[in-house]
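Asker: Show me the folded form of this:
(one chain, ligands or ions: 1)
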Amino acid sequence: MHNRKISVISLKVLFLFLIFGLGSLVMSELKAQTQVNTRAEWFKEARYGMFIHWGVYSGAEGVWKGEKLRYDNDYAEWIYYRNRIQKDEYLTLLEDFNWETIDPENWVILAKKAGMKYVTITAKHHDGFALWDSNVGTYDIGEYTQPKRDIVRELADACKKHGLKMGLYYSHWVDWEHQYGWDHTNEIYPLTDEQYDQYWQEKVMPQMSELLTNYGDLGLVWFDMWIHHSKTIVTKEQLLQLKSMIRELQANCLINSRLGLSVEEDPDVDFRTLGDNSFGTMKLDYPWQSPATIAHSWGYHALENQWKSSTTLIKSLINNVSLNGNMMLNIGPRANGDVPFEIENRLLQIGKWLERNGEAIYGAEGFDLAKNQHDWCRITYKEDQNKHKVYLHITNWPLDQEIKLTGILSKPDKAYILNQEKNPLPFSHNTVVTRLSLPNNQPDPLVSVVVLEYAEYPTTENGLVAQSMSNGYSLTPDNWNEAPDETFLERPERFGSIPTHIIVDESSSYSWRVFIDEPGTYHLDASYNYQGDRLDGALIVSMDGNKLSSRIENTKRTVGEPGNNWQIDSFVSHKIGEIEIKETGYYDIKCKIQAPTGEELGFQWLWLFKKD
Ligand code: GLC
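Answerer: Residues are numbered from 1 along each chain as shown. Now for the predicted structure:
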């Protein structure tokens, strides 16, 4: 057995931590906060909101004096810092703003049409410039507009008028304007704690007090510090001082974890914010949210052109709801207030999709089956007028017009395409597999939803491998039932040319469980990589009293990219044999991997499939 003593579970945790990457908080542990604060009930229900990044930087559009934003692949709203702009000169960007056409109500109307339930604007981003008429200092929009504008007030009024909650983003930690605010150059030329506290007491606290007092009820305040307070200048006391002022002035206002306090450290923090464009990978019992962009930057960037499709964005939303999460999708309006066509167009498409399918999103939550159990759907659930509804969001419409759902023991009373209740879908149910026949063409051009209705909360059986889109069972290190404790999951490399696998260097056994509802002749293949020449390694698969054995052979190497001098070890699929399955039922598949003496091999999967 490979001797790195790290369990699969702890590796999953490590993986999560790594993918949250820059822009996320250091999570001390992933211990779940169990209660949902009652003030967060609306947020759980809402599931989908708008983020607006708009400010002085919107006038630069990612270019300063003809020079593209420095530091490739970065955010347009960071141009002040990245391109080392002088403070006074930065404000000349405001000369390009068209105050006649700027109307925050238009953003709110767009949010409403997009099916969003709340709107969060950058009241103050890292550049330190306030979008409201602040009495703290002079670096605010009131000072630079004639007649004075107050974007926060205009947005608050529009949200009230159109029935959406308002959230305010406030950059508390980073502030490039105040001489003692945090600026990453301070990692080189340090600030003293006293200086930072001066910034905190004379800018953060009084500005937050204005925002919490003058703009009516706030749905949430959204802070932005992506490292733990122990790793930077902000102290826990300062964060608690800010939090207690929020609780005092706005008892129902939610606070996100990028305040710098995780929900584990302080369960009074209402929801966890994942890293930028990081979507859920596991179900959490407390509220959480992904901030997401449609291209890359948050503020408008004229040179960006990699727009995600509406379907991709809808799938991200569905994924999050299926894990009890929320998605806040960003728009970066231009200096005249216009929302770029590419953004508006996608938002309207998503809005139309939600008009048709919103029942499966708003107020819906995750269901009791593993996230990656089915490769053709994500599942949400809702109790609705005493009916228990399981929503199958079919992210890949099957070519054979049949879906096989594995894991629900209860038989549904009814199955239909959402909003087509009058045309029930034919289905059959066998123990733990529900098969449904679908129409030829998927009804929704983006993602179609099938509803299964039950009289009681459906009971589930976990730990089964479901049939995949390709009508077989893919038995992998990601879905096994039993494996030795110290199994290390090697993640894909080389753009996926090296797939997820485990390394075995002695002998070890793994097992999976399936429910087979179609008896017949089943074939087994195995995919592995072995670079040595010894012939004493073997794979021994046992299933239903049968034993199939196959000698491990060298799988050779391949050139990663023609003409380039890099090579990768090949994972090759091998036929292992066939097994006659006579009866419907549960089957355990055990695989003993015997590595060639003194050498290691990489194991990827077993593939169990029926040949007609
Ligand atoms: C990051 C960036 C910032 C952006 C935010 C959105 O923290 O610094 O520019 O506002 O993420 O999630």
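
Asker: show me where the stretch 401-550 of the chain has strands.
Answerer: With DSSP state E, counting those that start in this stretch as the criterion, the stretch 401-550 of the chain has strands at 402-406, 414-417, 427-430, 433-437, 448-454, 472-475, 489-490, 501-504, 507-516, 520-529, 538-543, 546-551.

Asker: wait, I meant the stretch 1-150 of the chain
Answerer: Remark: strands assigned in the stretch 1-150 of the chain by DSSP E, counting those that start in this stretch are 48-52, 63-64, 67-68, 118-124.

Asker: Same check on the stretch 151-300 of the chain?
Answerer: 165-170, 220-223, 254-255, 272-273, 288-292.

Asker: Now mean pLDDT, mean neighbour count and distance to the ligand too, for the strands of the stretch 401-550 of the chain, in CSV please.
Answerer: Glycine gets a C-beta too; all of them are placed from N, C-alpha and C. Putting the strands of the stretch 401-550 of the chain into CSV (pLDDT from 0 to 100; neighbours: other C-beta atoms under 10 Å; distance: least, C-beta to the nearest ligand atom, whole Å) gives the following:
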stretch, mean pLDDT, mean neighbour count, distance to the ligand
strand 402-406, 96, 20, 35
strand 414-417, 98, 19, 36
strand 427-430, 98, 16, 42
strand 433-437, 97, 19, 39
strand 448-454, 98, 22, 29
strand 472-475, 96, 23, 35
strand 489-490, 91, 18, 29
strand 501-504, 96, 22, 34
strand 507-516, 96, 19, 39
strand 520-529, 97, 20, 39
strand 538-543, 97, 19, 46
strand 546-551, 96, 14, 50
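
Asker: for the residue of the stretch 351-500 of the chain found nearest the ligand, what are its contacts?
Answerer: Using C-beta to the nearest ligand atom, the closest approach of the stretch 351-500 of the chain to the ligand is made by I361 at 21.6 Å. I361 makes contacts with 47-48, 317-318, 321, 354, 380, as judged by C-beta atoms under 8 Å, 6 or more residues apart in numbering.

Asker: Please repeat the previous calculation with a cut-off of 10 Å.
Answerer: Residues in contact with I361 (C-beta atoms under 10 Å, 6 or more residues apart in numbering) are 46-48, 115, 314, 317-318, 320-322, 327, 353-354, 380, 382, 391, 393, 449.

Asker: In this protein, which residue sits closest to the ligand?
Answerer: P291 (3.8 Å).

Asker: any idea how far E304 is from that residue?
Answerer: According to C-beta to C-beta, to the nearest Å, P291 and E304 sit 17 Å apart.

Asker: the more surrounded of those two?
Answerer: Ranked by neighbour count (other C-beta atoms under 10 Å), P291 and E304 place P291 first, with 26 against 18.

Asker: The more buried one contacts S257, correct?
Answerer: No - look at P291 against S257 with C-beta atoms under 10 Å: they stay out of range, at 11.7 Å.

Asker: what pLDDT does the closest residue to G128 other than its chain neighbours get?
Answerer: Counting by C-beta to C-beta, 6 or more residues apart in numbering, G128 lies nearest to E177, which is 2.7 Å off, once chain neighbours are set aside. Reported pLDDT at E177 in the predicted model: 97.

Asker: E177 - how many residues pack around it?
Answerer: Counted with other C-beta under 10 Å, the neighbours of E177 add up to 19.

Asker: got a list of what it touches?
Answerer: Neighbour list for E177: 80, 87, 90, 124, 126-130, 137, 139, 183, 199, 203 [criterion: C-beta under 10 Å, 6+ apart].

Asker: ok, so of the residues you listed, who is nearest L608?
Answerer: Within the set of the contacts of E177, H126 lies nearest L608; the separation is 52.8 Å, counting by C-beta to C-beta.

Asker: Give me the phi and psi for that closest one.
Answerer: phi -60, psi -20 (degrees, to the nearest 10).

Asker: and the gap between the nearest residue to it once chain neighbours are set aside and G260?
Answerer: In space, and not counting its chain neighbours, H126 is closest to V174: 4.3 Å by C-beta to C-beta, 6+ apart. Applying C-beta to C-beta, the value for V174 to G260 is 12 Å.

Asker: who has more neighbours, these two?
Answerer: Neighbour count, other C-beta under 10 Å: between V174 and G260, G260 has more, with 29 against 20.

Asker: for the record, mean pLDDT for stretch 590-601?
Answerer: 97.

Asker: Buried residues in it, which are they?
Answerer: Buried residues in stretch 590-601, defined by neighbour count with 16 or more other C-beta atoms under 10 Å: 591-596, 599-601.

Asker: Which pLDDT value goes with M328?
Answerer: 98.

Asker: How many residues are close by it?
Answerer: 25.

Asker: OK, contacts around it?
Answerer: If a contact means C-beta under 10 Å, 6+ apart, then M328 has 46-51, 116, 118-120, 167, 169, 220, 222, 256, 273, 289-292, 320 as its contacts.

Asker: can you dump the C-alpha coordinates of stretch 147-160 into CSV?
Answerer: What follows is stretch 147-160, C-alpha atoms only, in CSV (Å, rounded to 0.1, in the frame of the first residue of the first chain):
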residue,chain,number,x,y,z
PRO,A,147,-26.1,68.2,-8.1
LYS,A,148,-24.9,65.7,-5.5
ARG,A,149,-25.6,62.1,-6.2
ASP,A,150,-25.9,59.3,-3.7
ILE,A,151,-25.9,56.0,-5.5
VAL,A,152,-26.5,54.0,-2.3
ARG,A,153,-29.7,56.0,-1.6
GLU,A,154,-30.9,55.7,-5.2
LEU,A,155,-30.3,52.0,-5.2
ALA,A,156,-32.0,51.6,-1.8
ASP,A,157,-35.1,53.5,-3.0
ALA,A,158,-35.2,51.3,-6.2
CYS,A,159,-34.9,48.1,-4.2
LYS,A,160,-37.7,49.2,-1.9
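
Asker: centre of the chain versus that stretch, how much separation?
Answerer: Put simply, stretch 147-160 sits 31 Å off its chain's centre (C-alpha atoms, centre = their mean, to the nearest Å).

Asker: who are the neighbours in contact with K124?
Answerer: The contact partners of K124, taken as C-beta under 10 Å, 6+ apart, are 55, 130-132, 134, 139-140, 152, 168-172, 175, 177, 203-204, 207-208, 211.

Asker: If you could redo that for T122, that was the one I meant.
Answerer: Counted by C-beta under 10 Å, 6+ apart, T122 has contacts 51-55, 57-58, 77, 129, 131, 151, 168-171, 222, 224, 298-299, 330, 332.

Asker: just these that are near the ligand?
Answerer: Filtering those for proximity to the ligand (criterion: C-beta under 6 Å from any ligand atom) leaves 53, 77, 224, 298.

Asker: Looking at those, which one is closest to G337?
Answerer: H53 (13.3 Å).

Asker: Look at the spatially closest residue to N546 that is not a sequence neighbour and say how many residues are nearby.
Answerer: Leaving aside its sequence neighbours, N546 sits nearest to I579 (C-beta to C-beta, 6+ apart; 4.9 Å). Around I579 there are 21 other residues, counting by other C-beta under 10 Å.

Asker: Report all helices and strands that the helix or strand I579 falls within contacts.
Answerer: Using DSSP states H and E, I579 sits within strand 572-581. Helices and strands touching strand 572-581, by 3 or more C-beta pairs under 10 Å, 6 or more residues apart in numbering; DSSP states H and E, are strand 520-529, strand 538-543, strand 546-551, strand 585-594, strand 601-610.

Asker: and the first one, which strands flank it?
Answerer: Strand pairing for strand 520-529, determined by DSSP bridges: strand 572-581 (antiparallel), strand 601-610 (antiparallel).

Asker: Kindly present the ones you listed as JSON lines, with separate columns for distance to A111.
Answerer: Converted to JSON lines, the strands paired with strand 520-529 look like this (distance: least, C-beta to C-beta, whole Å):
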{"stretch": "strand 572-581", "distance to A111": "48"}
{"stretch": "strand 601-610", "distance to A111": "44"}
